[in-house]
Each structure stands twice: as structure tokens, then as C-alpha cells.
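> Below are the sequence and a predicted model for it; my questions follow.
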Amino acid sequence: MTRHYLMCRPDHFAVEYAINPWMDPEAGADREVAIRQWEGLRSTYEELGHRVSLIDPVEGLPDMVFAANGALVVGGRVYGARFTHPERAAEGPAYLEWFTSNGHTAVREAAFTNEGEGDFLTLDHLVLAGTGFRTDVAAHGEAQEFLGRPVVSLRLVDPRFYHLDTALFPLNGHNIAYFPEAFSPGSQEVLRHLFPDAVVATEDDAVVLGLNAVSDGTHVVINAEATGLQLELKRRGFEVVPVELAELRKAGGGPKCCTLEIRG
Ligand SMILES: CN(C)C(=N)NCCC[C@H](N)C(=O)O
């Protein structure tokens, strides 16, 4: 099925502050390489037949390329992000403004801190929601009320996996892949209970952000370095589409972070 993704070209991308353990401002990052890799991701989606819309990047917001953090859109309802760190705070209104000026009317400015699809992942009958590093658990209840979908709270415990989408991705509407050790014991139990047939990733695949992947139910767009996970996905019948995004990983992001799905 064709998907609709919102992306933001990394024209102002830089690693100039550290708000997660992947970021080293001393080492920085190469913007030209990041742009080339991001263009590769964008054309991958287009070649798979998906629709890509673009939001204009804003100077002074070097992390704005990570569009997944900008909102959560389910059934045409747009739940806006409210960022944890002041460095990214201005992105929330910029994404909301994009949605309102592109014809979306069911738009909610969040009362509670949340980082959009970074911490909310949507399946057919529920939304999985992360907390522990960024998103306030109160935002899970706010999203449930606004979207009218059950929201299941999961606690993240490893700072390398500071957003839910660094440790888990939906394979389709009813199953997931995830790295259990990124979650509290209780949340691991919840995930085992909900998804007995999940793909369980190794630490080697998780530390190259292999779980920051985007599946349309048939194809999985995934970081090239996550080779073990790719093999298991192929064994399960998915078509694996590896992409090279190492420069963006220097800011703590992968394919999913660059991709905000607009669900009509
Ligand atoms: C899953 N998503 C969207 C992400 N993990 N986003 C990457 C955000 C990176 C940024 N430097 C930050 O720390 O906010």
C-alpha cells in the first residue's frame, strides 16, 4: 500500500550540541554527506511508490531533518510535538504550521512533552508509546484521548535507545521487531505478551540503529549495517531495502527518524 511521508532536507544539519549519547559536537558531522545520504533515502521511498512531501528546513535548527519527531498523525488527526530540549523546541510549531497550511484541520497542540513518532508507533489496533527519556507519560493519555486509539505505555531504560523508534519498529499492522534490553522488565513482559511472534534483534543490530527502520508491510527500509536483522527479516518474507545513513547517525538518527508518516 502506498504511504505518505513527510521529510525535511538536512540543509542546516550539524552536530553542534549533545542531547543524546550518539552526539559528539567535537567530532561534528559532514552536512554534504548527510544531504547525499538523505537524498538516497528520499529516492528509495519514491522508487517504492510512496509519496514524499517536504517541509522547509529552518536555519538554526540542525536536528530538524528528524521529521518523525515533529508530530504523530493517525486517522488524519495531527498530535503536535512538544520537545524536551530547548535546542529543538522551535521545531514543534514549525511542523504544526506545515500541517495547518497543508489542509489539516484536526490539529492538536500538545499540553505535555512528547517527541511525535520518535516515541509513538502505530499498529492497526493500538499505538505503542515510549517514555523514560523524552516523552512524558502524561502525553500517552493525551494522545489516546485525542486519537481515540488505545495507547500502550512502554518504559525505555538504556540512554542509547532514548526514543521508542530506536529500539522497536512495526513490521506491519500487527507485529514488531525490537531489542528487549532497551525496555524495563515489565515492558519486556508486555511486549512478549502482545507480540509472541516478534522479531527479536541483537545488540549488534540495535547499536547501528537497525531498529530505526520503516516498513510498509512488504519492504523494510533499514540501515545497511544491520546485517543480522536483515537476514532474519528476509527469512520472514520481507523485502529488505538497505540504506546508508551513517552521517545522520552521528546525531542519533536513522531512516525512521527522517520519516514522519501521514496516515489519512
Ligand atoms: C526516532 N527519532 C525520530 C529519533 N530518534 N530522532 C533522532 C533525533 C536526534 C536528535 N539529535 C535528538 O536527540 O533529538
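Yes, it's here.

> tell me, which helix in the protein spans the most residues?
helix 31-47 (DSSP state H).

> C-terminal to that one, which secondary structure element comes first?
Per DSSP states H and E, the first helix or strand lying C-terminal to helix 31-47 is strand 51-54.

> Show me which residues of this protein sit near the ligand.
19-20, 23, 63, 66, 68-69, 88, 118, 163, 165-166, 212, 251-253, 256-257 (Cβ under 6 Å from any ligand atom). Backbone N, C-alpha and C define where each C-beta goes, glycine included.

> returning to that earlier point: what sits up against the longest helix of the chain?
3, 5, 7, 9-14, 52, 65, 221, 241, 243-248, 255, 258-259 (Cβ atoms under 8 Å, 6 or more residues apart in numbering).

> pLDDT at Leu233, what is it?
We have a pLDDT of 98 for Leu233.

> Ok, Met1 next?
For Met1, the predicted pLDDT is 80.

> Just want to check the distance between it and the ligand.
22 Å (Cβ to the nearest ligand atom, to the nearest Å).

> now Phe238
Taken as Cβ to the nearest ligand atom, the span from Phe238 to the ligand is 20 Å.

> Could you do Thr131 as well?
Thr131 is 14 Å from the ligand, by Cβ to the nearest ligand atom.

> can you tell me which residues contact Arg249?
Trp22, Val208, Leu209, Asn223.

> likewise Thr100?
So Thr100 contacts Val107 (Cβ under 8 Å, 6+ apart).

> quick check, it in a strand?
No. Counting by DSSP: H, G, I helix; E, B strand; the rest coil, one finds Thr100 to be helix, located in no strand.

> Now do the same for it: its pLDDT.
So Thr100 comes in at 98 (pLDDT).

> do you know how far it is from the ligand?
With Cβ to the nearest ligand atom as the criterion, Thr100 and the ligand are 21 Å apart.

> likewise Val240?
Between Val240 and the ligand the computed distance is 20 Å (Cβ to the nearest ligand atom).

> State the phi and psi torsions of the nearest residue to that residue once chain neighbours are set aside.
Nearest non-adjacent residue to Val240, counting by Cβ to Cβ, 6 or more residues apart in numbering: Gln230, 4.7 Å away. With angles defined as degrees, to the nearest 10, Gln230 sits at phi -60, psi -40.

> isn't Gln230 right up against Pro242?
Yes. Applying Cβ atoms under 8 Å as the test, Gln230 and Pro242 come out as touching, 6.6 Å apart.

> between those two, what contacts are shared?
Both Gln230 and Pro242 are in contact with Ile222, where contact means Cβ under 8 Å, 6+ apart.

> Between these two, point out the one with more neighbours.
More crowded of Gln230 and Pro242, by other Cβ atoms under 10 Å: Gln230, with 21 against 16.

> State the helix or strand in which the closest residue to Ala90 other than its chain neighbours lies.
Nearest in space to Ala90, with sequence neighbours left out and distances taken as Cβ to Cβ, 6+ apart, is Leu61 at 6.0 Å. In the assignment (DSSP H and E), Leu61 maps to no helix and no strand.

> quick one, what contacts Leu61?
His12, Arg88, Ala90, Glu91, Ala94.

> Check whether the fourth one really touches Ala81, as I assumed.
Yes. Distance between Glu91 and Ala81: 7.0 Å, which falls inside the contact criterion (Cβ under 8 Å).

> so what sits against both of those two?
Asn69, Gly70.

> Tell me which of these two has more neighbours.
Ala81 (32 against 24).

> For Val78, see how far away the closest residue to the more buried one other than its chain neighbours is.
Spatial nearest neighbour of Ala81, chain neighbours left out: Gly116 (4.2 Å); criterion: Cβ to Cβ, 6+ apart. According to Cβ to Cβ, to the nearest Å, Gly116 and Val78 sit 10 Å apart.

> Looking at the two now, which is surrounded by more residues?
With neighbours defined as other Cβ under 10 Å, Gly116 and Val78 compare such that Gly116 has more, 30 against 26.

> Contacts only, for the more buried one.
By Cβ under 8 Å, 6+ apart, the neighbours of Gly116 are Ala68, Asn69, Gly70, Ala71, Leu72, Tyr79, Gly80, Ala81, Tyr95, Leu260.
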